[in-house]
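K.L.:
the following block contains a protein sequence and its predicted model.
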Amino acid sequence: MPVPEQKHSREEIPSPDTQRKLRVPPGQHLVRDWPVLHAGPVPKIDPSAWTLRIFGMVKKEKRLSLQDFMELPTVTVRSDIHCVTTWSLLDNIWEGVGAEAIREICPPLPPAKFVVVHAAGDWTTNLPLEDFFQPDVLFAVKHNGRPIPPEHGAPVRLVVPRLYFWKSAKWVTGIEYLEKEQPGFWESRGYHIHGDPWKEERYSD
Ligand SMILES: Nc1nc2c(c(=O)[nH]1)N[C@H]1C(S)=C(S)[C@@H](COP(=O)(O)O)O[C@H]1N2
Ligand SMILES: [Mo]
């Protein structure tokens, strides 16, 4: 089944980092090419079998097919990537579905304060809802006008521009709302629980 075409909003949301006078956070250096980094192999994902499960602290669990997902309202975001391994890649244009649009269709119940984003192969990452529900956070399907390639997270990857790039889960499969913070894959292997690049929240001590 071919991936259905999406209609993208033309208005570009600039992530706050892109409007700073000094764009490069402490301890980072600029790169021009986009590195590929992940644990394990690139998963084989059949777009017609892909689903996004929204679960945990919700009234009723929801499961979206790629078709359902592609029918949600879309956003275009400009962001800088800051990887904890010290490379930064400026001015990326992402198109996809905003976290705020996901909230509209299946909101977390009030006690929920955190989210765990699940990816193929049991990979996870965690973040507070206040970081997740920002206008520049999106589930992206395109990067710089082209479909996101498999090694960068196709069909759908998360982009959290204000945190280190390990929070930007590739090959997303689920969104789980929780009352208590639950460390994800890297967060339980020594990475910082939060990951703000401007505070150099790289590793937990
Ligand atoms: N599913 C999944 N997402 C992931 C990872 C991973 O191992 N699995 N690695 C993270 C890390 S550590 C980084 S730096 C970025 C790299 O994304 P890129 O390969 O598109 O540059 O993906 C993040 N998202
Ligand atoms: Mo990383």
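P.N.:
Happy to help now that I have it. Ligands and ions are numbered 1, 2, ... in the order given.
K.L.:
which helix or strand contains residue 100?
P.N.:
Per DSSP states H and E: residue 100 is located in helix 99-105.
K.L.:
isn't residue 183 right up against residue 125?
P.N.:
No: using CB atoms under 8 Å, residue 183 is not in contact with residue 125; the gap is 9.0 Å. C-beta coordinates here come from the backbone N, C-alpha and C atoms, glycine included.
K.L.:
more neighbours: which of those two?
P.N.:
residue 125 (24 against 15; other CB atoms under 10 Å).
K.L.:
the more buried one: what's its closest spatial neighbour, skipping adjacent residues?
P.N.:
In space, and not counting its chain neighbours, residue 125 is closest to residue 184: 3.8 Å by CB to CB, 6 or more residues apart in numbering.
K.L.:
list the residues that contact the one you found.
P.N.:
Residue 184 makes contact with 116, 117, 123, 124, 125, 126 under the criterion CB atoms under 8 Å, 6 or more residues apart in numbering.
K.L.:
can you check residue 19 too?
P.N.:
Contacts of residue 19 by CB under 8 Å, 6+ apart: none found.
K.L.:
and it, how far from ligand 1?
P.N.:
As judged by CB to the nearest ligand atom, to the nearest Å, residue 19 and ligand 1 stand 23 Å apart.
K.L.:
repeat that for residue 33.
P.N.:
10 Å.
K.L.:
what does residue 122 give?
P.N.:
Following CB to the nearest ligand atom, the distance that separates residue 122 from ligand 1 is 9 Å.
K.L.:
one more: residue 30?
P.N.:
Distance from residue 30 to ligand 1, by CB to the nearest ligand atom: 14 Å.
K.L.:
show the pLDDT at that residue.
P.N.:
As predicted, residue 30 sits at a pLDDT of 98.
K.L.:
what separation do you get for it and ligand 2?
P.N.:
Separation of residue 30 from ligand 2 (CB to the ion, to the nearest Å): 16 Å.
K.L.:
heads up, I number from 38, so please use that
P.N.:
Sure, I'll start numbering at 38, so the last one becomes residue 67.
K.L.:
what about that residue, how many residues close to it?
P.N.:
For residue 67, using other CB under 10 Å, the count is 11.
K.L.:
what's the nearest residue to it if we skip its chain neighbours?
P.N.:
residue 125 (5.6 Å).
K.L.:
shouldn't that neighbour be within a helix?
P.N.:
No: Residue 125 is assigned strand when assessed by DSSP: H, G, I helix; E, B strand; the rest coil, not a helix.
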